[in-house]
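1. Got a predicted structure plus its sequence, pasted below:
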Amino acid sequence: MTPSRVRISGLCKRFGRLEVLRGVDIEITPGRITAVVGPNAAGKTTLIKTILGMVQPDRGTIEVDEVVVGRDPTYRKTIGYMPQSARFPEYLSGREILGLVGGLRDRSTGLDEELIAQFGLDRHLDKPIRTLSGGTRQKLNAAVAFLFRAALIILDEPTAGLDPVAAGILKDKVLRAPSEGATVLLTSHIMSEIEELAQDLVFLVEGSVVYQGPVESLLEQSGESRLERAIAAILVGATP
Amino acid sequence: MSTTGKVLVSQLRNVARSRWILGYGLLLALLTWLLLQFGGSGERALLSLLNVVLLLLPLVSVVFGTLYVYNAREFIEMLLAQPVSRGALYTGLFGGLVLPLGGAFLIGVGTPLLLLAHGGRDFAGQAVMLLSVGLLLTLVFTAFSLCVAVLIEDRARGLGAALFVWLLTTLVYDGMILLVTTTFDHYPLEGPLLVLVFLNPVDLGRVLLLLSFDVSALMGYTGAVYERFFRGSGGSVLAFLMLGLCAAIPFFLGLRWFRRKDF
């Protein structure tokens, strides 16, 4: 797989009176790990959902590998998505879900079952989802995102709800993703996690991008050594 | 298999396991059996079944459909992140509701009728009529349920709206017709009433069934007018087409909203 390039220009979205995205321009470099950070309600999840076509923007365009995101769903063949909380049909078993999603996707690249093995999911796959614990669902959620060797992997708060061991396994997987041919886009609130994973940073505040670029340049610019401090410095500067 | 087909199959599995459908089929079978056992001859049992078809069927279809779509929110969101178009997903949802609901009705009512009933000459035709009207009403009210669930985000309000649709079509609408007839009883109302009946799928089903049961005399002079219209000029064909339209309009309206919805 060649890692995907994502170009977002002039993206606006409002929900009723609430302006969630106000003219967002982002360029996500292929083969790198980009983290979207920002305070609560900054528009991170909405941004991700517009890339997936789940939320339709009022204005602006999104291109994934030169294909403009619209009604045609084919571009999603090469995207792996892990939503914030696992959203699976309750009565189906893990295996049925893998079968269903697998049936809808291109499997010519072969399956990546590494996470299923490392999480020890095999023995849970035949139980209905509703009997699984929150953590196990989240593991399945992560495994599905990586299963199809996607060229673009989107993770929304990936380690929330995972125990430290599982979170470690997932983080290692994310770090290996660029060498396996994927661009990674993730959101997180945990600064240490972003320092550990991200190479590039998109910083959203109230629906506008206040910084985008490599993590090191942000640290240099702000003169801080820790990301948390650097981001706090920008936040103080950005708030009127 | 097409994308819609794959969505449909997995959804059928999900619905089949929720046991609701099984209960619905069994309830219908029990009702039919009881009516056949204690309600007299085949024709009379059919006439009692008419009320089941006209009241219970729309209620179950619209409520079950609405609740199902709210519960399938996860399923819908999961599939939207896959290479599945919204149209295929919506059609799969509709099919995944109509097939089990219609199947439960056909098997639940059809089996006892087939095994136990011994009616006169017209019985078979009347039974087929009952089953077809029932199936069409299932289509109509499932389409309504999709509309409601797509348009209204909140589950409690959505359920309220679904019940409102049912009340409106089964009770309120007839009340309004009654009001119109008593208010304007000095005027010849057969024409306008025919039009009013055509606008409500439940009334349309009722008239179709009553006429096929040869009990139009129960409806007095209006019955005679209906009789002439539906027997004479291909009126039943028109009525069936209209019922189909009653399913198609909410179906496509719901599809339109579904395409624009944010998840």
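-> Looks like it arrived, so ask away. Numbering: from 1, shown residues only, chains lettered A, B, ... in the order given.

2. Any residues of the stretch 1-150 of chain B in contact with chain A? List them.
-> Residues of the stretch 1-150 of chain B lying near chain A by CB under 8 Å from any CB of the partner chain: B:1, B:3, B:6, B:10, B:13-14, B:17-18, B:71-75, B:77-86. Where you see a C-beta, it was placed from the backbone N, CA and C, and this is true even at glycine.

3. pLDDT weak spots in the stretch 101-250 of chain B?
-> Where the stretch 101-250 of chain B drops to pLDDT under 70, the residues are B:117-121, B:215-225, B:231-233.

4. repeat that for 90
-> B:110-129, B:153, B:170-200, B:203-240 (pLDDT under 90).

5. show me where the stretch 151-263 of chain B has helices.
-> For the stretch 151-263 of chain B, helices defined by DSSP state H, counting those that start in this stretch occupy the ranges B:155-167, B:173-183, B:190-198, B:201-212, B:220-232, B:235-260.

6. Return the most buried member of these.
-> helix B:201-212 (a mean of 23; mean count of other CB atoms under 10 Å in any protein chain shown).

7. quick one: that one to helix B:173-183, angle?
-> Comparing the axes of helix B:201-212 and helix B:173-183 via axes from the mean of the first three to the mean of the last three CA atoms, to 10 degrees yields an angle of 70 degrees.

8. who's in contact with helix B:201-212?
-> B:50, B:53-54, B:58, B:125-126, B:129-130, B:133, B:136-137, B:140-141, B:169-170, B:173-174, B:177, B:196-198, B:216, B:218-219, B:223, B:226-227, B:230-231, B:236, B:239-240, B:242-243, B:246-247 (CB atoms under 8 Å, 6 or more residues apart in numbering or on different chains).

9. Around chain B, which positions in chain A sit nearby?
-> A:15, A:49, A:52-56, A:71-77, A:79, A:81, A:83, A:87-92, A:96-97, A:100-101, A:103-105, A:128.

10. Residue A:197: which of the helices of the stretch 151-263 of chain B is closest?
-> For residue A:197, the closest of these is helix B:235-260, at 35.3 Å, according to CB to CB.

11. Which elements pack onto the closest one?
-> helix B:86-116, helix B:123-151, helix B:201-212, helix B:220-232 (3 or more CB pairs under 8 Å, 6 or more residues apart in numbering or on different chains; DSSP states H and E).

12. which one of the helices of the stretch 151-263 of chain B lies closest to residue A:207?
-> Using CB to CB, those put helix B:235-260 closest to residue A:207, at 21.0 Å.

13. what angle separates that closest one from helix B:123-151?
-> 20 degrees.

14. Surely residue A:128 and residue A:93 touch.
-> Yes: using CB atoms under 8 Å, residue A:128 is in contact with residue A:93, at 5.5 Å.

15. Would you mark the buried spots in stretch A:120-127?
-> A:121, A:124, A:125 (16 or more other CB atoms under 10 Å in any protein chain shown).

16. can you put these in JSON lines and add pLDDT, secondary structure and distance to residue B:66?
-> Formatted as JSON lines, the buried residues of stretch A:120-127 follow (pLDDT from 0 to 100; DSSP: H, G, I helix; E, B strand; the rest coil; distance: CB to CB, whole Å):
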{"residue": "A:121", "pLDDT": "90", "secondary structure": "helix", "distance to residue B:66": "34"}
{"residue": "A:124", "pLDDT": "91", "secondary structure": "helix", "distance to residue B:66": "32"}
{"residue": "A:125", "pLDDT": "90", "secondary structure": "coil", "distance to residue B:66": "32"}
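
17. which of the residues you listed lies closest to chain B?
-> residue A:125 (15.4 Å; CB to the nearest CB).

18. which residues of chain A fall in helices?
-> Using DSSP state H, the helices of chain A run over A:44-51, A:94-104, A:114-119, A:134-147, A:164-176, A:191-197, A:215-222, A:227-238.

19. The helix or strand of chain A with the lowest mean pLDDT packs against which elements?
-> Least confident helix or strand of chain A, by mean pLDDT, DSSP states H and E, is helix A:227-238 with a mean of 78. Judged by 3+ CB pairs under 8 Å, 6+ apart, the packing partners of helix A:227-238 are helix A:191-197, strand A:200-205, strand A:208-214, helix A:215-222.

20. between that helix and helix A:215-222, how many degrees?
-> Using the same axes, to 10 degrees: helix A:227-238 against helix A:215-222 is 60 degrees.
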